[in-house]
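S.K.: Structure for the following, please:
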Amino acid sequence: MRAVVGGARRPCTLVVCRGCCCGDGRRNPGFDHDGQLRALRAAAADSGGRFAVRTSDCLGPCGQANVVVVRPSGTGRAAGGRPVWVGFATDEDSTGELVRWAAAGGPGIAEPPAALELQFVPAPRPASARSGR
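M.R.: A predicted model of the protein is given here:
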């Protein structure tokens with residue numbers, strides 16, 4: 001097995017769903033979805049490389065939109081951190097908590113904010129596991 005070069009330097013990453021339901025004003029009216037993404041990206045740019053933000057098409061648990069996956073940094077992964085799925089991220093408080101946790105190191109490095117833990121959702125099972133293969 002080959003080691004990932006530079007894996008320890010990989011920052012904590014917020015993967016923001018922007019697929020069919022997440023980021024859709026019809027699904028969560030009154031929330032500024034574009035503003036949330038701008039705020040996350042601005043915070044990442046200001047973090048000095050402590051965390052990054054990516055977007056993805058549908059991540060799966062559409063009933064819990066907006067979904068953000070908090071991926072551990074390389075160091076966090078080496079310390080036992082695993083990706084954490086956060087659902088219902090549709091307010092400024094949860095956006096701020098995501099930023100604070102990622103800036104503090106994220107999974108494996110820093111404890112998540114208690115209120116954000118209430119929004120943790122299970123990762124969807126792969127299609128092959130759902131079909132019984």
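
S.K.: Quick one: residues contacting residue 106.
M.R.: Residues counted as contacts of residue 106 (CB atoms under 8 Å, 6 or more residues apart in numbering) are 12, 51, 70-73, 76, 81. Heads up, the C-betas are built off the backbone N, CA and C, glycines and all.

S.K.: From the residues you listed, which land in helices?
M.R.: residue 76 (DSSP state H).

S.K.: count of neighbours near residue 15?
M.R.: Residue 15 has 18 neighbours, counted by other CB atoms under 10 Å.

S.K.: ok, it to residue 26 distance?
M.R.: Using CB to CB, to the nearest Å, we find residue 15 at a distance of 22 Å from residue 26.

S.K.: Ok, residue 41 next?
M.R.: 23 Å.

S.K.: Same drill for these two, tell me which one is more crowded.
M.R.: Neighbours were counted for residue 41 and for residue 26 using other CB under 10 Å; residue 41 has more, 16 against 6.

S.K.: which SS state does that one fall under?
M.R.: helix (DSSP: H, G, I helix; E, B strand; the rest coil).

S.K.: how much space is there between the residue lying closest to residue 70 once chain neighbours are set aside and residue 123?
M.R.: With sequence-adjacent residues excluded and distances taken as CB to CB, 6 or more residues apart in numbering, residue 70 is closest to residue 84, at 4.6 Å. Distance, residue 84 to residue 123, by CB to CB: 9 Å.

S.K.: Comparing those two, which residue is more hemmed in?
M.R.: Taking residue 84 and residue 123 together and counting by other CB under 10 Å, residue 84 has the greater number of neighbours (21 against 15).

S.K.: The more buried one reaches residue 111, doesn't it?
M.R.: No: judged on CB atoms under 8 Å, residue 84 makes no contact with residue 111 at a distance of 11.5 Å.

S.K.: ok, how many other residues are close to residue 126?
M.R.: 10.

S.K.: Run through the residues that contact it.
M.R.: Counting by CB under 8 Å, 6+ apart, residue 126 has no contacts.
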